[in-house]
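Enquirer: I would like to see how this sequence folds:
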Amino acid sequence: MAKIWESLTNYLKKEKLMSISSFLIMLATFLLLGIFINIVVLSQTMLRYLEEQAQITVFFKDEFGEDKILPFKEQLSSDERMSEVLYISKEEALRIFKEINKDQPVLLESISASVLPASLEIKTSNIADLDGLSDELRNKDGVEEVRYYKDVVQRFRSVSTAVYIVGIILVVSFFVISYSVVISSLRTAINSRGSELEVMKLVGASDSYVKNPFIYQGVFFSVISALGASIIIILLGFVMSKVGVLSKGLSLGFLPGLFISPVLFSLILSFILIISGFLLGYFGSSTAIKKYLKY
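Expert: As a prediction, the model looks like this:
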């Protein structure tokens, strides 16, 4: 182990420019990888937040009283597509209106509960059900208006899907780039020591004796680069947590309903990056050695 560490430190001293270049390239690669994973998770989180908002508001005619609205609410609540159905009475609508317009007393003087419609605020379990549901509700007796911001929901859903697909492609691409960087940097190191390695083989050095320094070198650069990127990712997680925009935390697309804090997510992501760095360094260096030393 001491011999391997000595070989690594000698290489770092001898090839300072190459070492710094390899570190910076791999640091940028791992950092971009972490950022794009964050972007994918953020887009899915925003979609989950949107799904949990009052997605459809149904306003009723004045003659369609509470005695008819409440049974209708119960009927909707039993529909498996619904996650929540909330009744807003005329009095509750007036309270909300006053709260929103509390700085406009002139407007409040002319408004009473009788002129405001009762309504139902409906949330669905799946945002894809909104289109069909809104059409169904428009044809119900007593319904005066169905408010559904279709364009906003569909646009956000399209953008979120695109970000998810592009993000996955970029994540895979950056893994390939990381792998290539490890192999390229080791190829340069191996070529610069070609004569020395030939002599070592001629005097009977074992394969492991020759290969181990390069494997440790690949793992060292990958893990250190991933660690540097992880520190930045963790700092970003603390910033996101302090800003407090995502009150419930981040949502993982493959685990619906589960939200975790940005700090915890950044720690998990950092652990994944470091493990990925180790694996990329090990297998990348092993591949480079097999290819260029012809074992």
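Enquirer: ok, now which ones touch L116?
Expert: Neighbour list for L116: 90, 93-94, 97 [criterion: C-beta atoms under 8 Å, 6 or more residues apart in numbering]. The C-beta positions use only the backbone N, C-alpha and C, and glycine is treated the same way.
Enquirer: tell me the mean pLDDT over stretch 231-240?
Expert: In this model, stretch 231-240 carries a mean pLDDT of 88.
Enquirer: show me what counts as buried in that stretch.
Expert: 232-234, 236-237, 240 (16 or more other C-beta atoms under 10 Å).
Enquirer: got it, and stretch 78-96?
Expert: 85, 88, 90, 93-94.
Enquirer: could you dump the residues you listed to JSON lines with distance to L24?
Expert: Below are these laid out as JSON lines (distance: C-beta to C-beta, whole Å):
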{"residue": "V85", "distance to L24": "55"}
{"residue": "I88", "distance to L24": "57"}
{"residue": "K90", "distance to L24": "65"}
{"residue": "A93", "distance to L24": "59"}
{"residue": "L94", "distance to L24": "62"}
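Enquirer: from those, pick the one nearest F278.
Expert: V85 (50.3 Å; C-beta to C-beta).
Enquirer: the one helix or strand the closest one maps to packs against which elements?
Expert: According to DSSP states H and E, V85 maps onto strand 82-88. Identification of packing neighbours for strand 82-88 by 3 or more C-beta pairs under 8 Å, 6 or more residues apart in numbering; DSSP states H and E yields helix 66-77, strand 119-124.
Enquirer: would you convert those into CSV that also reports mean neighbour count and mean pLDDT?
Expert: Formatted as CSV, the helices and strands packed on strand 82-88 follow (neighbours: other C-beta atoms under 10 Å; pLDDT from 0 to 100):
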stretch, mean neighbour count, mean pLDDT
helix 66-77, 14, 88
strand 119-124, 21, 86
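Enquirer: out of these, which is closest to S286?
Expert: Of all the helices and strands packed on strand 82-88, the one in closest proximity to S286, counting by C-beta to C-beta, is strand 119-124 (50.5 Å).
Enquirer: which residues sit against the closest one?
Expert: 51-60, 69, 72-73, 76, 81-88, 93, 130, 133, 137.
Enquirer: cool, stretch 85-96 as well?
Expert: Contacts of stretch 85-96 (C-beta under 8 Å, 6+ apart): 54, 66, 69-70, 73, 76-77, 111-114, 116-123.
Enquirer: now the end-to-end length of stretch 125-141.
Expert: 25 Å (C-alpha to C-alpha, to the nearest Å).
Enquirer: kindly report the same for stretch 58-70.
Expert: This stretch, stretch 58-70, spans 13 Å end to end (C-alpha to C-alpha).
Enquirer: try stretch 73-92
Expert: Termini of stretch 73-92 sit 16 Å apart (C-alpha to C-alpha).
Enquirer: mind listing the strands for the protein?
Expert: For the chain, the strands defined by DSSP state E occupy 56-60, 82-88, 119-124, 143-147, 250-251, 259-260.
Enquirer: ok, which of those strands comes nearest N38?
Expert: Minimum separation from N38 across the strands of the chain (C-beta to C-beta) falls at strand 250-251, 8.6 Å.
Enquirer: now do that closest one, average pLDDT.
Expert: Averaging pLDDT along strand 250-251 gives 73.
Enquirer: can you give me how far it is from the chain middle?
Expert: Strand 250-251 has its C-alpha centroid displaced from the chain centroid by 8 Å (C-alpha atoms, centre = their mean, to the nearest Å).
Enquirer: so what are the sheet partners of it and their directions?
Expert: strand 259-260 (antiparallel) (DSSP bridges).
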